[in-house]
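Asks: Fold the following for me, if possible:
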Amino acid sequence: MWADLLPVGRMGSGGFRRFAWTAADMACREWFRGEAATRGMDVDTDRNGNLWAWLGPPGPDSFVTGSHLDSVPGGGAYDGPLGVVSGFAAIDALRARGCTPKRPIAVVAFTDEEGARFGVACLGSRLSTGAADPARTLALTDSDGTRLDEAMSAQGHDPVHVGADPGALQRIGVFVELHVEQGRALVDLGAPIGLATAIWPHGRWRYDFAGEGNHAGTTALADRRDPMLSYAMTVLAARKQARLAGALATFGKVTVDPGGTNAIAAGVTAWLDSRAPDEATLTDLVTAIAAQATERAGRDGVRLSVTAESETPLVDFPAGQLDWAATALGDPPRLATGAGHDAGVLARAGVPTAMLFVRNPTGVSHSPAEHADQDDCLAGVAALTELMVRHAC
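Replies: Numbers count the residues shown, from 1 in each chain. Just a heads-up that it's a prediction; the model follows:
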């Protein structure tokens, strides 16, 4: 399975570019359907584009596992796909154990978890749970100006029914997402797998700095209204404020208008990703960064607007599912994470949810250096299989 999936969306850097509703995404979906077919599983696509492969007829109290297949630009091989591959591998292990399921089992691939193309993460699960407004979501555009509803239609998915899907969620008795660890806590703990306890509150904010375009070679420094200066200071301010707060703040994407080497920028748009252990800290951090940016923009003669594009509150995974999984798996380490996941969206919507992490020896994620050793991946499959057997057999 891994070898078949690896070439899809592979870049020259060794990373991957699998954006939602692109040719690479469609190839991943075909791979998913093929793996389901070899196991005699029926596949359906729900109203939001999420893929479900069913072992047995869909029904209530199902054991559902899976993750996502899309990537960030230049992302690693494991973030998302490991959970889907492991779901199918657990089906194989289940059958090898001679288990005849008494409850339905499904492997799901949620669409557009990373939000790399349209700017909002976990779109498939957010729409399904009603956490995202359909009209606003379908109007999101990518860097080329293509709307989400246009992208869906271009790949043969009718967006007319996009939105909350309580029928799909009501089938889930328990959802278990397996994911490569995004950090190195399990390395330090000497454990191949861990259980997620919580997901930090996090969000994305767009900063639009509007200045005055002019000639780089003829405009005196005192006469400039350069938004790049305001932006540069904001990056530094975000780093300092995050360090003081014990939180995280990152400007990882920026566009410059007009983007000429010999031109003073007329405008700069940048995106802040910020995360913190609790909501009060995150709110204070984001407010402090915006305040410093506004003050500096005023001194530079630049206008600034800040727009919240997505905000996700703190998610605590349900104690019942956490204790159930810990008991079944011999009480592996428990970890909180700053990374968002579909499991967190479902947990916040009241779906019984648990999350497994597989050790990442590099501690690196969203990069080609992301990795998990085969023995640890197999330990993850074994853990997932055990939970599958306990719920469904």
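Asks: give me the low-pLDDT residue ranges for this protein?
Replies: Using pLDDT under 70 as the threshold, the predicted model of the chain has no low-confidence range.
Asks: Helices of the stretch 151-300 of the chain, residue ranges please.
Replies: Taking DSSP state H, counting those that start in this stretch as the criterion, the stretch 151-300 of the chain contains helices spanning 166-170, 185-189, 227-245, 279-300.
Asks: Just name the most buried of those helices.
Replies: Of all these, helix 227-245 has the most neighbours on average by mean count of other C-beta atoms under 10 Å, namely a mean of 19. For every residue, glycine as well, the C-beta is placed using N, CA and C.
Asks: Show me what it is packed up against.
Replies: strand 202-210, strand 248-257, strand 267-275, helix 279-300 (3 or more C-beta pairs under 8 Å, 6 or more residues apart in numbering; DSSP states H and E).
Asks: Would you mind saying which of those lies nearest Thr65?
Replies: Among the helices and strands packed on helix 227-245, strand 202-210 comes nearest to Thr65, with 23.7 Å by C-beta to C-beta.
Asks: In terms of secondary structure, what does the closest one contact?
Replies: Taking 3+ C-beta pairs under 8 Å, 6+ apart as the contact definition, the neighbouring helices and strands of strand 202-210 are helix 227-245, strand 267-275, helix 279-300, strand 303-312.
Asks: could you dump those to JSON lines with distance to Met388?
Replies: Formatted as JSON lines, the helices and strands packed on strand 202-210 follow (distance: least, C-beta to C-beta, whole Å):
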{"stretch": "helix 227-245", "distance to Met388": "39"}
{"stretch": "strand 267-275", "distance to Met388": "31"}
{"stretch": "helix 279-300", "distance to Met388": "34"}
{"stretch": "strand 303-312", "distance to Met388": "28"}
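Asks: wait, which of the ones you listed is closest to Ala185?
Replies: Of the helices and strands packed on strand 202-210, nearest to Ala185 by C-beta to C-beta is strand 267-275, at 15.7 Å.
Asks: That closest one pairs with which strands?
Replies: Taking DSSP bridges as the criterion, strand 267-275 forms sheet pairs with strand 202-210 (antiparallel), strand 248-257 (antiparallel).
Asks: that older thread, adding distance to Ser153, write the helices of the stretch 151-300 of the chain out as a markdown table.
Replies: Conversion of these to a markdown table gives the following (distance: least, C-beta to C-beta, whole Å):
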| stretch | distance to Ser153 |
| --- | --- |
| helix 166-170 | 21 |
| helix 185-189 | 42 |
| helix 227-245 | 35 |
| helix 279-300 | 35 |
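Asks: closest one to Arg33 among these?
Replies: Comparing the helices of the stretch 151-300 of the chain against Arg33 with C-beta to C-beta, the closest turns out to be helix 166-170 (17.9 Å).
Asks: what does the closest one rub up against?
Replies: Contacts made with helix 166-170 from outside it, assessed by C-beta atoms under 8 Å, 6 or more residues apart in numbering, are listed as 46, 50, 52, 60, 128-130, 346, 349, 351.
Asks: Take those residues and write them to TSV, including distance to Leu5 and neighbour count.
Replies: What follows is those, written out as TSV (distance: C-beta to C-beta, whole Å; neighbours: other C-beta atoms under 10 Å):
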residue	distance to Leu5	neighbour count
Asp46	22	19
Asn50	18	23
Trp52	18	23
Pro60	31	10
Ser128	24	30
Thr129	27	23
Gly130	31	14
Leu346	24	25
Ala349	29	17
Val351	27	21
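Asks: Inside helices: which ones of these?
Replies: When the contacts of helix 166-170 are checked against helices (DSSP state H), the matches are 128-129, 346.
Asks: and which of those residues is nearest to Ala290?
Replies: For the ones in helices among the contacts of helix 166-170, the nearest to Ala290 is Thr129 (28.5 Å; C-beta to C-beta).
Asks: Can you tell me how far the closest one is from Thr307?
Replies: Using C-beta to C-beta, to the nearest Å, Thr129 is found at 23 Å from Thr307.
Asks: do you know which of the helices of the stretch 151-300 of the chain lies nearest Ala369?
Replies: Nearest to Ala369, of all those, is helix 185-189, at 13.8 Å by C-beta to C-beta.
Asks: I'd like to know which of the helices and strands packed on strand 202-210 is closest to Arg95.
Replies: When those are compared for distance to Arg95 using C-beta to C-beta, the nearest one is strand 303-312, at 36.8 Å.
Asks: Next, the angle from the closest one to strand 202-210.
Replies: Between the axis of strand 303-312 and that of strand 202-210 there is an angle of 170 degrees, by axes from the mean of the first three to the mean of the last three C-alpha atoms, to 10 degrees.
Asks: okay, the angle between strand 303-312 and helix 279-300?
Replies: With the same axes, to 10 degrees applied, the angle from strand 303-312 to helix 279-300 works out at 160 degrees.
Asks: who does strand 303-312 touch, helix- and strand-wise?
Replies: Of the remaining helices and strands, those touching strand 303-312 by 3+ C-beta pairs under 8 Å, 6+ apart are strand 202-210, helix 279-300, helix 342-348.
Asks: could you point out which element follows it?
Replies: Note on strand 303-312: by DSSP states H and E, the next helix or strand toward the C-terminus is strand 315-316.
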